[in-house]
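After the sequence you'll find the predicted model.
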Amino acid sequence: MSMSDMEFRAVLLDQMKDYLDGNFAYIDEYLKKYLPKAHLVKAEGTYLAWLDLNGYVDRDEKKLEELMQKKAKVALDEGYIFGEEGRGFERINVASPRSVIEECMNRIRTAFEEEKLV
C-alpha cells in the first residue's frame, strides 16, 4: 500500500469521526433544548449512544417502549433488554444520515409533547 493510500484512508477516517461527532452534538443539543430532563450518554469508541429518558418515564420501560414504538414510531434498542440498569434508556445508532437522526428526534419530541410529558 502506498503512502497516498494510507493518507487517503486517514482523511476518510477523520471525516467519519467528524460526522459522528456532529451527530452526537446534534442529539445532545436537541435534548437540552426540547427534552431537558433527558440526557445523552455517549459511549466511547463506538457509534452508539444512550438516551436517558428517566426524567420523563422514571424507569418505566413499558411506558417508554409504548411511547417510542407506538407513538413516536421509532425503532431504537430498548435499554431494558441490556439488563436492569438499562430501564428508562434507549440506544440510538448515530452512524446514520443527519436527516434520519433529525426525523427520529422530532418524532420522539412530538410523542412526548402529545403525552404531556414535556
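Looks like it came in fine.

The longest helix along the chain - contacts with which helices or strands?
In the chain, taking DSSP state H as the definition, the longest helix is helix 3-34. Here helix 3-34 touches strand 39-42, strand 48-52, helix 98-114, going by 3 or more Cβ pairs under 8 Å, 6 or more residues apart in numbering; DSSP states H and E. Any C-beta I mention is one placed from the backbone N, CA and C, and that applies to glycine too.

Okay, and the most centrally placed residue in the chain sits in which element?
Geometric centre of the chain, nearest residue: Ile92, 3.8 Å, by Cα atoms, centre = their mean. Assigned by DSSP states H and E, Ile92 belongs to strand 89-93.

Of all the residues in that strand, which ones are buried?
89-92 (16 or more other Cβ atoms under 10 Å).

Confidence-wise, which of the helices and strands packed on helix 3-34 is weakest overall?
Among those, strand 39-42 carries the lowest mean pLDDT, a mean of 91.
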